[in-house]
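Colleague: Give me coordinates for this.
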Amino acid sequence: MPNSEIAHLRLQQQHIAGPKPLAPAQVVAWLGAVQAQDYPAALWAVGLRTQDATEGAVERALADRLIVRTWPMRGTLHLVAAADVRWMLALLTPRVLASHAGRLRKRFEFTEAEMARCRDCCIAALEGGRHLSRDALYRELEAQDIPTDRQRGYHILWQLSQEGLLCLGPRQGKQQTIFLLDEWAPAAPPLAREQALAELARRYFRSHGPATLADFAWWSGLTTTDARAALELAKPQLIAAAWEGQTYWLSPEATPAPERSPTVHLLPVWDEYLVAYRDRSAVLRPEHARLPGAGNGIASPALVLDGVMVGTWNRALNRGALELTPRPFAAMNEAERYAFGSAAKRYAAFRGLPVARATHQ
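Modeller: Numbering: from 1, shown residues only. This is a model prediction of the structure:
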C-alpha cells in the first residue's frame, strides 16, 4: 500500500473526495469527532465533506441540536454528534481531567469546594433552557465571588464541559452560547466501557483509515493499552494492510478511487485529514512539515494537491468579496493553478460570497 494509495483512500473515506453525505450531522457522526477550537475552520471542515453545504447549513445543524461543540478528547474542542456526546465524554475525559488536576490546583488554586460552587452557579444561571454567552456566564460566576480572570473562567468552562455539565451552543454575535448539556442534547443510552472502546475504534478506522494503532491512540487520547484493546474489539469489522513495516487498519469497504489529476482541496486549519494522524508522512513530506508557515500540517490551512499537502493558502475579505491566495512550497503549473481556482470557487460558495480574486503564486 504505497503512500499515494493511503492518501487517496483517506481522501475518500473522509469524504473530502468522492460522494458526500447530504447533511452536516452525517459527516460529524461518520468521522466521530471534528477538531473545532477554530470555529469558522470547523464549519468549513464539515462543509468541505458535505454535498452542496453552506456555512449557514452547518450552523443550523448546531442550532437544531444535531451537533454539539465541546471538549470530548485530548482536552480540545471538537464537534460531535449529539447522540455520541455522552458516551465519548464518559470514555475519554476522565483521564484528561485527572492529568490536569494538579496543574489547575497549582496555577489557578482550584479546590473541590470552589468547583462545587461553580457547578451550582452554572446550573442556577442556565437551567430551564436558558443560555448565556461566555462573558455573561463569567459575570454570573464573579457575582458569586468566583474569579474568572487569568484564564480561570476558561478553565472552569473546560472542566465542567468535560464533566458533562455544560456544552457550547450556536453563536450569539461573535461568541458562542453556553447551555446545560442535559437540556441541550437529547438523552442517549450509555455504553459499557468495552462497547464504547469498540465503537470509537470502529468509527475512527472506518472514516480515517488506512491508519495505524499509534494514529488512533494519538487521535483519541487513549493510552496505548486502551487503544490496543479498542482495536482488538473492532478488528472483526476491519481489514489490515502492511506498508514499510507498519500495519494499517481500514474498512473492508474502502477501495481506492483516485481523482482526476490535478485536483486541489483547500483544507481548514486543524483539519482531520492531517491532525488525526500521529504520522502524517503519507500526505506531507517531512521536509515540507518543517518549512516556516507550514504549521507541521495542522496549524495552517492546507493546500492539498492530489492527496498531498503542497502548501498553504489564505483568504481575505475585501469589500464583501473573497481574495484567496495559494502559498505553495514549489511553483504551481497552469493546470494546478486552474485547479486551485476551482477549489476557491467551492469555498466561496460555502461562504456565500463572490470571489474577487484567486491569485496565483
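Colleague: helix, strand or coil for Val68?
Modeller: strand (DSSP: H, G, I helix; E, B strand; the rest coil).
Colleague: what about it, how many neighbours?
Modeller: 27 (other Cβ atoms under 10 Å). Where you see a C-beta, it was placed from the backbone N, CA and C, and this is true even at glycine.
Colleague: Also Ser99?
Modeller: Ser99 has 11 nearby residues by other Cβ under 10 Å.
Colleague: what sits up against the helix or strand hosting it?
Modeller: Taking DSSP states H and E as the definition, Ser99 sits inside helix 85-108. Contact with helix 85-108 is made by 32-33, 68, 70-75, 80, 110-111, 150-152, 155, 159, 162-164, 167, 181, 185, 188, 190-191, 193, 196-197, 199-200, 220-223, as judged by Cβ atoms under 8 Å, 6 or more residues apart in numbering.
Colleague: Also stretch 47-58?
Modeller: Contacts for stretch 47-58 (Cβ under 8 Å, 6+ apart): 14-16, 19-24, 26-27, 31, 43-44, 46, 67, 265-268, 271, 349-352.
Colleague: How far does it sit from its chain's centre?
Modeller: 15 Å (Cα atoms, centre = their mean, to the nearest Å).
Colleague: Mind listing what's buried along it?
Modeller: 47-50, 53-55, 57-58 (16 or more other Cβ atoms under 10 Å).
Colleague: What of stretch 281-294?
Modeller: Neighbour-count burial for stretch 281-294 [16+ other Cβ under 10 Å]: 282-285, 288-289, 294.
Colleague: could you show me where the strands are in the stretch 201-350 of the chain, in order?
Modeller: Counting by DSSP state E, counting those that start in this stretch, the stretch 201-350 of the chain has strands at residues 239-243, 246-250, 264-267, 302-305, 308-318, 321-328.
Colleague: Can you give the strand pairings for the last one, parallel or anti for each?
Modeller: In this case it means strand 321-328. Here strand 321-328 is paired, per DSSP bridges, with strand 308-318 (antiparallel), strand 355-358 (parallel).
Colleague: export those strands to a markdown table and tack on mean neighbour count and distance to Glu259?
Modeller: Below are these laid out as a markdown table (neighbours: other Cβ atoms under 10 Å; distance: least, Cβ to Cβ, whole Å):
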| stretch | mean neighbour count | distance to Glu259 |
| --- | --- | --- |
| strand 308-318 | 18 | 12 |
| strand 355-358 | 17 | 19 |
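Colleague: any chance of the ones you listed in TSV, with distance to Ala116 and mean pLDDT too?
Modeller: Listed next are the strands paired with strand 321-328 as TSV, based on distance: least, Cβ to Cβ, whole Å; pLDDT from 0 to 100:
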stretch	distance to Ala116	mean pLDDT
strand 308-318	45	94
strand 355-358	53	76
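Colleague: For Ala330, find the nearest of those strands.
Modeller: strand 308-318 (7.1 Å; Cβ to Cβ).
Colleague: Contacts for the closest one next, please.
Modeller: 7, 266, 274, 283-285, 288, 293-295, 297, 300-304, 322-330, 340, 347, 353, 356.
Colleague: give me that answer again for 7 Å
Modeller: Contact with strand 308-318 is made by 7, 266, 274, 283-284, 288, 293-294, 297, 300-303, 322-329, 356, as judged by Cβ atoms under 7 Å, 6 or more residues apart in numbering.
Colleague: next one: stretch 237-255
Modeller: Against stretch 237-255 from outside (Cβ under 7 Å, 6+ apart): 1-2, 9, 12-13, 202, 205-206, 209-212, 231.
Colleague: Quick one: end-to-end distance for stretch 13-24.
Modeller: 16 Å (Cα to Cα, to the nearest Å).
Colleague: what comes into contact with it?
Modeller: With Cβ under 7 Å, 6+ apart, stretch 13-24 has contacts from 11-12, 27, 30-31, 46, 48-51, 53, 57-58, 61, 67, 207-209, 251, 254, 257, 259, 265, 272-273.
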